[in-house]
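# mind folding the following:
(chains A and B)
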Protein chains: 2
Amino acid sequence: MAMEIGEDKWKVCCGSSDFAKLMVKASPFSSLETAIDTARDIWFNQVNVTAWLEAFSAHPQIGNTPSPSVNSDFARRSEAEQSTAFATTSASALQELAEWNVLYKRKFGFIFIIFASGRTHTEMLQALKGRYANRPIVELENAAKEQMKITELRMAKLFSDKGSPISTIPQ
Amino acid sequence: MAMEIGEDKWKVCCGSSDFAKLMVKASPFSSLETAIDTARDIWFNQVNVTAWLEAFSAHPQIGNTPSPSVNSDFARRSEAEQSTAFATTSASALQELAEWNVLYKRKFGFIFIIFASGRTHTEMLQALKGRYANRPIVELENAAKEQMKITELRMAKLFSDKGSPISTIPQ
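The predicted structure follows:
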């Protein structure tokens, strides 16, 4: 029996409702790789800027702990992905991140999105400062690419947690 | 005495509040050319995607007459720019445009933006169909470029209506 991956699970991978709906519509998948190919096509070619902004806004700011009240699975993933950062952080790095997060959001209209796994706050702060100089349209696409890396990591976790939930066994 | 161009006039050129505020801040301008250079820099490098979406949403859909209730100067400019189109249109072109406008907005999340002056509805419909195949991020930038063409035409009109409102006469 093929196990179902519902919209709620896809929204943990990527906080866009349109993305989640289209992934359900494209299911089931014969492998993680096929699912990721589909996810990339949906994310970059099918959903629009409104969906991108919705997905970005689902994340806590880098350096903040997520609020678990909205989507606790999503919050747990965010926390796990920042575990290296929080294990090695300092009050000054957090303070500087908080200040740059404000500048970034004021310029671009959405929060700074970065693939956080294995990165320290100092490294991410460096990346933020580098990306801050970009044109808004360039940075929008950078954020979408970082979101896709996060989505792929979360999909891999989802598939490994579920065993092989996606094999399409006849009957 | 240098004449003032207020935010309301800049919003007739481009419906983004951020754009209008930054143009006022950068005033006065020594010529239309200088003003256009500044406007391009503000539009492409400084304001973000939220400002772009606000500007797009200020326009009536191509084939619709604008509602004059919101911003009557803006509505008059939209009507004037579609005068060729309305002079040569047909019921079938308007019907097809209305249908494609719906498809376009559903895909991209904003209405179809095109520099309308001197173009017929049939020509614009052709352009819409061609652009419909684009990736959302590509089409976002296309719409921003078309908006800039509209802004430049409206700035030229504003400056010519005002004589030389922008010369900076000492004292």
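# alpha carbons only for contacts and neighbour counts from here, please
Fine.
# all helices of chain A, in order?
A:7-13, A:17-26, A:32-41, A:49-57, A:72-81, A:83-87, A:91-108, A:121-132, A:136-161 (DSSP state H).
# burial count for A:Ala58?
The tally of other residues near A:Ala58 (other Cα atoms under 10 Å in any protein chain shown) stands at 19.
# separation between it and chain B?
Computed with Cα to the nearest Cα, to the nearest Å, the distance linking A:Ala58 and chain B is 17 Å.
# contacting residues for that residue?
A:Gly15 (Cα atoms under 8 Å, 6 or more residues apart in numbering or on different chains).
# pLDDT of stretch A:40-51, averaged?
On average, the pLDDT along stretch A:40-51 is 98.
# straight-line length of it, end to end?
Using Cα to Cα, to the nearest Å, one end of stretch A:40-51 lies 14 Å from the other.
# could you see whether chain B lies near that stretch?
Yes - residues of stretch A:40-51 are located near chain B by Cα under 8 Å from any Cα of the partner chain, namely A:44-50.
# ok, and what's touching that stretch?
Here stretch A:40-51 makes contact (Cα under 8 Å, 6+ apart) with A:16-19, A:22-23, A:144, A:148, B:107-109, B:135-137.
# name the residues of it that come out as buried.
Neighbour-count burial for stretch A:40-51 flags A:40, A:42-44, A:46-51 (criterion: 16 or more other Cα atoms under 10 Å in any protein chain shown).
# and the furthest pair within these?
A:Arg40 and A:Thr50 (16.7 Å; Cα to Cα).
# what residues does chain A have near chain B?
So far as Cα under 8 Å from any Cα goes, chain A lies against chain B at A:44-50, A:107-109, A:135-137, A:141.
# which ones are touching the closest residue to A:Ser17 other than its chain neighbours?
Leaving out its chain neighbours, the residue that sits closest to A:Ser17 by Cα to Cα, 6 or more residues apart in numbering or on different chains is A:Lys11, at 6.7 Å. Counting by Cα under 8 Å, 6+ apart, A:Lys11 touches A:17, A:19-20, A:74.
# with A:Lys21 instead?
So A:Lys21 contacts A:Glu7 (Cα under 8 Å, 6+ apart).
# what about 6 Å?
When contacts are counted by Cα atoms under 6 Å, 6 or more residues apart in numbering or on different chains, A:Lys21 touches no other residue.
# pLDDT wise, what is A:Lys162 at?
Looking at A:Lys162, the pLDDT reads 79.
# so how far is A:Glu4 from it?
10 Å.
# before we move on, what about A:Arg131?
39 Å.
# and these two? Which one has more around it.
More crowded of A:Arg131 and A:Glu4, by other Cα under 10 Å: A:Arg131, with 17 against 12.
# give me the below-cutoff pLDDT ranges for chain A.
Within chain A, the segments meeting pLDDT under 70 span A:1-3, A:67-71, A:164-171.
# how about 50 then?
Applying pLDDT under 50 to chain A flags the ranges A:1, A:165-171.
# tally of neighbours for A:Ser160?
With other Cα under 10 Å as criterion, A:Ser160 counts 12.
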